[in-house]
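Enquirer: No sequence on hand, only this structure:
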């Protein structure tokens, strides 16, 4: 199967020339693929192309989209969660999060996840496989088609661990930046953190993309190693202090601040002592802490921290000179936690 999604304009011009067509036919394909107003994504439906050219591309196995729609949930706040099927009959999730001025696409990079975070529904069935860049990009098309808006921001914060699919991740970022015309500064890569991979991410970004301007978000969720290992078993392979040192190097190498995601779990990581400990851990470099409300799932016993504890925690960080914000969860009435929609579908 030859997926044209993710192809540059030069690659599509060369494709057209190889079929005896003028180079502008390649540009027509390019403009058709990346214009969110074009709902038709099958090769045969690219109506600006000659019929015989379309037939040849189809016969030779070229496609634009290989995912298929399975299910959707629309929350009261407008957040849209889609469940999509792959050609090998696996399921992945993506989410469209709208505001008045932007549409953020939350994308998956793997089918399932190997990290087994105790608070997350995605890892309950382990990793099936990593996604190709075309499957990652296809999620954007589905969100744009369903919401009839152009995606303006990207977060790799869906199913899977992006740094364990780093090559396809970076190919996706190239296309998002150059083809979908979304600035790297509007892209966030969220990772639980994998040993040696933070350094590799910046190095390969400069090598393959020529720049590294996206935001790195670390799913930290703890103020010390003991708590982190309790909620993220894979953390035993990567000490929290080493993560912070690698993040400091990332800031030095790229000039971009690092964001730390901190899921507030009642009785686990939400005390003022935790806030003070986190402040000491992060003090002295360009970073930001994003406090997050927990979306409960049936399979685990974690509970959402109280709003009072969250506000006290936020104030303690702020008073210690740490940049901090509070991110309210979206889509709470519609299986908001990552992996829930997929898991519910499998249990039907």
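Expert: That came through fine. Predicted model, so just to flag it, every value in this text is computed and none were measured.
Enquirer: remind me which residues of this protein are low pLDDT?
Expert: Across the chain, the stretches falling below the confidence threshold (pLDDT under 70) are 1, 298-300, 329-348.
Enquirer: at 50 what do you get?
Expert: For the chain, residues meeting the criterion pLDDT under 50 lie at 334.
Enquirer: Now do the domain split for it, please.
Expert: The record assigns the chain these domain ranges, following automatic domain parsing: 2-63, 68-347.
Enquirer: which one of the ones you listed is the most hemmed in?
Expert: Highest mean neighbour count among the domains of the chain (mean count of other C-beta atoms under 10 Å): domain 68-347, with a mean of 19. Heads up, the C-betas are built off the backbone N, CA and C, glycines and all.
Enquirer: starting at the chain centroid, how far to it?
Expert: Relative to the chain's own centre, domain 68-347 is displaced by 6 Å; criterion: C-alpha atoms, centre = their mean, to the nearest Å.
Enquirer: How about stretch 22-34?
Expert: For stretch 22-34, the distance between its averaged C-alpha position and the chain's averaged C-alpha position is 28 Å (C-alpha atoms, centre = their mean).
Enquirer: Pull the residues that contact it.
Expert: 4-5, 7-9, 11-17, 38, 41, 46, 48-50, 53, 64, 179-181 (C-beta atoms under 8 Å, 6 or more residues apart in numbering).
Enquirer: for stretch 188-199, same thing?
Expert: Stretch 188-199 is touched from outside by 115, 117, 153-157, 161-164, 166, 169, 173, 201, 214-220, 232, 234-235, 237-238, 242-243, 246-247, 249-250, 259, 261, with contacts defined as C-beta under 8 Å, 6+ apart.
Enquirer: mind listing which of these are in strands?
Expert: Members of the contacts of stretch 188-199 lying in strands (criterion: DSSP state E): 153, 154, 155, 156, 215, 216, 217, 218, 219, 259, 261.
Enquirer: How much space separates residue 314 from residue 222?
Expert: Taking C-beta to C-beta, to the nearest Å as the measure, residue 314 and residue 222 are separated by 17 Å.
Enquirer: Got phi/psi on the nearest residue to residue 254 once chain neighbours are set aside?
Expert: Of all residues not flanking residue 254 in the chain, residue 212 sits nearest, at 4.6 Å (C-beta to C-beta, 6 or more residues apart in numbering). For residue 212, the backbone dihedrals are phi -140, psi 90 (criterion: degrees, to the nearest 10).
Enquirer: again, but for the one 10 residues further on
Expert: Note on residue 222: its backbone torsions stand at phi -160, psi 160 [degrees, to the nearest 10].
Enquirer: what's the first-to-last distance across stretch 97-109?
Expert: Between the start and the finish of stretch 97-109 there is a gap of 18 Å, counting by C-alpha to C-alpha, to the nearest Å.
Enquirer: The helix or strand encompassing residue 176 packs against which elements?
Expert: Residue 176 belongs to helix 166-178 when elements are defined using DSSP states H and E. Packing contacts for helix 166-178, counted by 3 or more C-beta pairs under 8 Å, 6 or more residues apart in numbering; DSSP states H and E, involve helix 133-147, strand 187-191, helix 197-209.
Enquirer: Any chance of these in JSON lines with distance to residue 121 as columns?
Expert: What follows is the helices and strands packed on helix 166-178, written out as JSON lines (distance: least, C-beta to C-beta, whole Å):
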{"stretch": "helix 133-147", "distance to residue 121": "18"}
{"stretch": "strand 187-191", "distance to residue 121": "16"}
{"stretch": "helix 197-209", "distance to residue 121": "24"}
